[in-house]
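Peer 1: Attaching a predicted model along with its sequence, questions to come.
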Amino acid sequence: MSDGVAPRAQSQLTDVYLVDDHPLFVIGLRSLMSRELGLRICGEATSLREAAEGLAAAAPQVVVTDLSLGRGSGLDLIDVARSLARPARVVVLSMHDESLYAETALRRGAAAYVMKSRPGAEVVQAVRAAASGQIYVSADMNARLLQRLGRGGERQPGGISGLSARELEVFRLVGTGLSTVEIGLALHISPKTVESHRLNIKLKLGLSKSAQLILTAANWLREVPSSLHDARTEH
């Protein structure tokens, strides 16, 4: 009925799709975004599967997702968002320290990485940056990435960027010296599942022995702040 007006009004809005396996957090995000001029929530999901099914219909410009989605991973959701008919930009909003996970998320195609401990205004800033085609990370993370480039490129094994979120968690805990049983207890998964992840990690990193995996993980972990080395039960 108002065909000449509605399209212009809608074109000024940025449609945002929210994904987090904690419903209360989704409610908080919705409240935050709804107060922001130019942002509109076009859909919500609490799992990777639900999000994958809903994104095509919602056609958002930006997806805000947690890194850990129960049995799924926000890293996999990045692939889903980028494969849409109209690819969406992804903002990863996670409890996991950016020193460990931000670069992996960016290499997978995320447009931004923000820790959940940051103020809401920073989340909004990341969403607006992503919507305008920019990359957003904290000032500290940006300095760290530039420092690494200044050293002549990354010193991590190239395959690390291909690890899933859960594999990266296992890899980190291997680097702290935890056993398979201890890693299982920390992540609330079975020792058999831990061993499966360890095998996949070795295959992705081209490692043949467990000793090589432990050494590689320990060396990688030395490049992140020492305060994270004892975070053995985080998740």
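Peer 2: Looks like it came in fine.
Peer 1: which element follows the helix or strand harbouring Val63 toward the C-terminus?
Peer 2: Val63 belongs to strand 62-65 when elements are defined using DSSP states H and E. Note on strand 62-65: by DSSP H and E, the next helix or strand toward the C-terminus is strand 68-69.
Peer 1: gap between the strand holding Val63 and the chain center?
Peer 2: In this view, strand 62-65 has its centroid 10 Å away from the chain centroid, taken as C-alpha atoms, centre = their mean, to the nearest Å.
Peer 1: What strands line up against that strand, and which way round?
Peer 2: Strand 62-65 pairs in its sheet with strand 14-19 (parallel), strand 89-94 (parallel), by DSSP bridges.
Peer 1: This protein: helices as residue ranges?
Peer 2: 6-11, 23-34, 48-58, 74-82, 98-108, 120-131, 139-150, 165-175, 180-187, 191-205, 210-221 (DSSP state H).
Peer 1: Now do the domain split for the protein, please.
Peer 2: Here the domain assignment for the chain is 6-144, 158-228, based on automatic domain parsing.
Peer 1: Just give me the lowest mean pLDDT stretch among those.
Peer 2: When the domains of the chain are ranked by mean pLDDT, domain 158-228 comes last with a mean of 83.
Peer 1: any idea how far Glu36 is from Ser99?
Peer 2: Per C-beta to C-beta, to the nearest Å, Ser99 is found 28 Å from Glu36. All C-beta atoms are positioned from the backbone trio N, CA, C, and that covers glycine.
Peer 1: picking that back up, dump the domains of the chain to a markdown table, plus mean neighbour count.
Peer 2: Compiled in a markdown table, these are given as follows (neighbours: other C-beta atoms under 10 Å):
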| stretch | mean neighbour count |
| --- | --- |
| domain 6-144 | 18 |
| domain 158-228 | 17 |
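Peer 1: just to revisit the earlier point, using JSON lines, please lay out the strands paired with strand 62-65 together with distance to Ala217.
Peer 2: Converted to JSON lines, the strands paired with strand 62-65 look like this (distance: least, C-beta to C-beta, whole Å):
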{"stretch": "strand 14-19", "distance to Ala217": "29"}
{"stretch": "strand 89-94", "distance to Ala217": "20"}
